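**Student:** The following block contains a protein sequence and its predicted model.
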Amino acid sequence: MKEEKKKVLKKIKTWLGSEEPDYVEFLGRLLSSLPDGDNDVFPPVVEGGMGWVEMELIVSLLGAIENGKDVQVALRYLFGI
């Protein structure tokens, strides 16, 4: 694993200790949804999990969001709300 990825994991692990259990579970379920994420602790967010394409789309979407207005635009454009 590259050093940059190790830094991200360390930061998240430190941060998880102060998060609500629902958020911790969401993150575990999200990771369990990815290829090779099968485990006995967290069920996937979506039945059958996701592929790498779906993960990249989510990463791209979240990376493009800079503020609440962007969130509103994405919700309106993608879901009509």
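**Tutor:** Everything's here; your move. Here the structure is a predicted model, which is why all the values come from computation and not from measurement.

**Student:** can you pull the pLDDT of residue 1?
**Tutor:** At residue 1, the predicted lDDT confidence score is 74.

**Student:** so how far is residue 9 from the residue nearest to the spatial centre of the chain?
**Tutor:** Geometric centre of the chain, nearest residue: residue 30, 5.3 Å, by CA atoms, centre = their mean. Distance of residue 30 to residue 9, given as CB to CB, to the nearest Å: 14 Å. (Glycine included, C-beta is placed from N, CA and C.)

**Student:** now residue 15
**Tutor:** The value you get for residue 15 to residue 9, if CB to CB is used, is 11 Å.

**Student:** What strand or helix carries the residue nearest to the centre of the chain?
**Tutor:** Assignment of secondary structure by DSSP states H and E places residue 30 within helix 21-32.

**Student:** The nearest residue to residue 49 once chain neighbours are set aside: neighbouring residues, count only.
**Tutor:** Spatial nearest neighbour of residue 49, excluding adjacent residues (CB to CB, 6 or more residues apart in numbering): residue 33 at 4.6 Å. Residues within reach of residue 33, counting by other CB atoms under 10 Å, total 22.
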